[in-house]
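# predicted structure and sequence below. I'll ask about it afterward.
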Amino acid sequence: VLLGMVIFFMARLSAVTGLIEKFIFTGLRRGQQALMVNFTGLLILLFGVSVGFTVLLPRSY
């Protein structure tokens, strides 16, 4: 379980780093594209947190 979580965390980190690279190198400051990049990054973060909680918290039947 721990190794899978580490790999998942690294994949999320890679995705967010790619978004930040795209954001910086294209010179996005404001506008629709910048909003889309920020919203996508937030969704990746929330997805990772929800998966982390689902895996680590005990099941209650």
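Happy to help now that I have it.

# from now on I want contacts and neighbour counts done on CA atoms only, so please keep to that.
OK.

# quick one: T54 and A15, what's the gap?
When CA to CA, to the nearest Å is the yardstick, T54 and A15 sit 21 Å from each other.

# hmm, I typed the wrong one, I wanted I44.
Using CA to CA, I44 is found at 8 Å from A15.

# repeat that for I24.
Counting by CA to CA, the separation of I24 from A15 is 14 Å.

# looking at these two, which is more packed in?
Neighbour comparison, I24 and A15: the larger count goes to A15, with 15 against 11 (by other CA atoms under 10 Å).

# any idea which element the more buried one lies in?
Following DSSP states H and E, one finds A15 within helix 2-25.

# mind giving me the packing neighbours of that helix?
If you count contacts as 3 or more CA pairs under 8 Å, 6 or more residues apart in numbering; DSSP states H and E, helix 2-25 packs onto helix 32-56.

# so which elements touch the helix it packs on?
Packing partners of helix 32-56 (3+ CA pairs under 8 Å, 6+ apart): helix 2-25.

# just how off-centre is the helix it packs on within its chain?
Once both centres are worked out by CA atoms, centre = their mean, to the nearest Å, helix 2-25 turns out to sit 6 Å from its chain's centre.

# only C-alpha atoms, please: export it in CSV.
Taking C-alpha atoms only, helix 2-25 is exported to CSV below (Å, rounded to 0.1, in the frame of the first residue of the first chain):
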residue,chain,number,x,y,z
LEU,A,2,2.8,2.4,0.9
LEU,A,3,4.7,1.9,-2.3
GLY,A,4,1.5,2.4,-4.4
MET,A,5,0.8,5.7,-2.5
VAL,A,6,4.3,6.9,-3.2
ILE,A,7,4.0,6.1,-6.9
PHE,A,8,0.6,7.8,-7.0
PHE,A,9,2.0,10.9,-5.2
MET,A,10,4.9,11.1,-7.6
ALA,A,11,2.5,10.9,-10.6
ARG,A,12,0.4,13.7,-9.2
LEU,A,13,3.6,15.8,-8.6
SER,A,14,4.7,15.2,-12.2
ALA,A,15,1.3,16.3,-13.5
VAL,A,16,1.2,19.5,-11.4
THR,A,17,4.8,20.3,-12.3
GLY,A,18,3.9,20.0,-16.0
LEU,A,19,1.0,22.4,-15.5
ILE,A,20,3.3,24.9,-13.8
GLU,A,21,5.9,24.6,-16.6
LYS,A,22,3.2,25.2,-19.2
PHE,A,23,1.9,28.1,-17.2
ILE,A,24,5.3,29.8,-16.9
PHE,A,25,6.8,29.1,-20.3
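
# noted, bye for now.
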